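**Q** Sequence and computational prediction follow.
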Amino acid sequence: MTASLAHHAPWTDRRGTLSPLRLVVFVAILVPGIAIFADLFFGPVRPEPYEHALNESGEWAVRLLLLSLFVTPVRRIFSWNKVIGVRRMIGVSVLAYGLLHLGLYMAQENWNLVKVASEIVLRIYLTIGFVALLGLAALGVTSFDRAVRRLGPAWNRLHQLAYPIAALGILHFFLQSKSDVAQPTIMAGLFVLLMLYRLAVRSGLQISSWWVLLACAGLAAVATSGLEYVWYALATGIPAQLVFLANFDVATSFRPAVWVALAGAAVSLAAAGQQIWQSVRKA
């Protein structure tokens, strides 16, 4: 029994041997959850005791979902096949943080399930979030080898739903954030960057080329600033033009578009560095 459990432990590979990469990712996934519970039980007393934990769990669900979707581009860009081994683990953790998010919301409502259900139906941002969670549940229960074998080619089609689910999760993040949408805007920009990577692959471009990656970073930054402008113009009373112009004032602060550009540029720089290193080794 002990050997069987060790073979299926999240920090071991398919041969049952310890994988340092999987172990690091497993621990990293647990840290936010531990921090959420530590703050909830031992942190400062707040007027709304579950509010902070509720927000944190939702944000980590979106972050980890995007991280899981970036695994395939990372494998293609850096020819790093081993990273595929952590995609399932990250994906299952997204469902875990999503369920924690729902559980904390129910706790905030004093476990009044009738009220929770009615709020989900009546409040559009809760409806969107719940639909995304149902989608995550469908992906979670079909993420294991037996489901992959039973579903066959349909498995790939089902798991393509991760992309619209991510879009719904980000929209939920926007709607519940109200006026301060810096974090959801960054998530939206990274999602755009991800989709640009996918478009580059479908277009036959060499995704590991630094200039392709840099072009994707620039386009994603422009799209991020546009999304932020549209949000402030339509959903708030804050002057959208001033928010847009703040993207060019990096001496004061980095706006979401700048962070997205830096993230994309870092990937491009890393890809260029890898190509140079490989050239030096072959010389």
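**A** Received, thanks.
**Q** And residue 53, how close does it get to residue 46?
**A** The gap separating residue 53 from residue 46 is 10 Å, by C-beta to C-beta, to the nearest Å. For glycine as for every other residue, the C-beta is placed from the backbone atoms N, C-alpha and C.
**Q** Kindly format the C-alpha coordinates of stretch 94-102 as CSV.
**A** Only the C-alpha atoms of stretch 94-102 are listed here, as CSV (Å, rounded to 0.1, in the frame of the first residue of the first chain):
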residue,chain,number,x,y,z
VAL,A,94,-7.4,25.5,-9.8
LEU,A,95,-10.6,23.5,-8.9
ALA,A,96,-9.5,23.2,-5.3
TYR,A,97,-9.1,27.0,-5.0
GLY,A,98,-12.3,27.6,-6.8
LEU,A,99,-14.2,25.3,-4.4
LEU,A,100,-12.5,27.0,-1.5
HIS,A,101,-13.7,30.3,-2.9
LEU,A,102,-17.2,29.0,-3.0
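**Q** ok, now which ones touch residue 51?
**A** Neighbour list for residue 51: residue 108 [criterion: C-beta atoms under 8 Å, 6 or more residues apart in numbering].
**Q** got the residue ranges for the helices in the stretch 101-250 of the chain?
**A** Applying DSSP state H, counting those that start in this stretch to the stretch 101-250 of the chain gives helices spanning 113-122, 124-141, 145-151, 153-159, 162-177, 182-202, 210-235, 240-245.
**Q** among those helices, which is nearest residue 81?
**A** For the helices of the stretch 101-250 of the chain, proximity to residue 81 was assessed by C-beta to C-beta; helix 182-202 is nearest, at 16.1 Å.
**Q** Go ahead and measure how far that closest one is from the middle of the chain.
**A** The chain centre lies 10 Å from the centre of helix 182-202; the measure is C-alpha atoms, centre = their mean, to the nearest Å.
**Q** again with stretch 260-273
**A** On C-alpha atoms, centre = their mean, the centre of stretch 260-273 falls 18 Å from the chain's centre.
**Q** Residue 261 and residue 16, how far apart?
**A** Per C-beta to C-beta, residue 261 is found 43 Å from residue 16.
**Q** So for these two, which residue has more residues nearby?
**A** residue 261 (24 against 12; other C-beta atoms under 10 Å).
**Q** Surely the more buried one is in a strand?
**A** No: assessed by DSSP: H, G, I helix; E, B strand; the rest coil, residue 261 does not belong to a strand; its assignment is helix.
**Q** What strand or helix carries residue 92?
**A** Residue 92 is part of helix 87-108 when elements are defined by DSSP states H and E.
**Q** what angle separates that helix from helix 124-141?
**A** 140 degrees (axes from the mean of the first three to the mean of the last three C-alpha atoms, to 10 degrees).
**Q** Name the residues that touch helix 87-108?
**A** Under C-beta under 8 Å, 6+ apart, the answer for helix 87-108 is 10, 22, 25-26, 29, 32-33, 36, 48, 50-51, 53-54, 57-58, 60-61, 64-65, 67-68, 71-72, 113, 116, 129-130, 132-133, 136-137, 139-140, 143, 162.
**Q** tell me which element the residue positioned nearest the centre of the chain falls in.
**A** The residue lying closest to the centre of the chain (C-alpha atoms, centre = their mean) is residue 66, at 2.3 Å. Using DSSP H and E, residue 66 falls within helix 51-78.
**Q** hmm, back to that, drop anything exposed from the contacts of helix 87-108.
**A** Buried subset of the contacts of helix 87-108 (neighbour count, 16 or more other C-beta atoms under 10 Å): 10, 22, 25-26, 29, 32-33, 36, 50, 53-54, 57-58, 60-61, 64-65, 67-68, 71-72, 116, 129-130, 132-133, 136, 139-140, 143, 162.
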